[in-house]
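Colleague: My questions are about this predicted structure, shown below with the sequence.
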Amino acid sequence: MKWFGSPEATEDPFFCLLQNDSLVTELNVLTDRLLTPLKEGQHENEVVLVIKVKLQGTRITGGNSSLVQ
């Protein structure tokens, strides 16, 4: 896993939410089963991942003033 720099060719799309993991204030995980048949080429250990993010600004700038409470 690369922490800095450009994404690998296989990392498409590539998202980076924070510049530092210490800025994460809460993390919750909810698991469930996806009850759809496997498509050709899929493996039973593959997952569908849905990430929900609530942003809160830590510094007021012109572009994030709506995030700061």
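Modeller: Arrived safely, thanks for sending. Residues are numbered from 1 along each chain as shown.

Colleague: How many residues are close by residue 64?
Modeller: For residue 64, the count of nearby residues is 13 (other CB atoms under 10 Å). (Glycine included, C-beta is placed from N, CA and C.)

Colleague: Tell me how far it lies from residue 48.
Modeller: From residue 64 over to residue 48 the distance is 30 Å, taken as CB to CB, to the nearest Å.

Colleague: for residue 30, same thing?
Modeller: In terms of CB to CB, residue 30 sits 13 Å off from residue 48.

Colleague: just residue 29 next, same as before
Modeller: Using CB to CB, residue 29 is found at 14 Å from residue 48.

Colleague: neighbour-wise, which of those two wins?
Modeller: Relative neighbour count places residue 48 above the other of residue 29 and residue 48, with 7 against 4, counting by other CB under 10 Å.

Colleague: Show me what stretch 27-42 is in contact with.
Modeller: Identification of contacts with stretch 27-42 by CB atoms under 8 Å, 6 or more residues apart in numbering yields 44, 48.

Colleague: likewise stretch 60-69?
Modeller: Contacts of stretch 60-69 (CB under 8 Å, 6+ apart): 55-59.

Colleague: Mind pulling the model confidence for the most centrally placed residue in the chain?
Modeller: With distances taken as CA atoms, centre = their mean, the chain has residue 51 as the residue nearest its mean C-alpha position (5.4 Å). If you check residue 51, the pLDDT there is 83.
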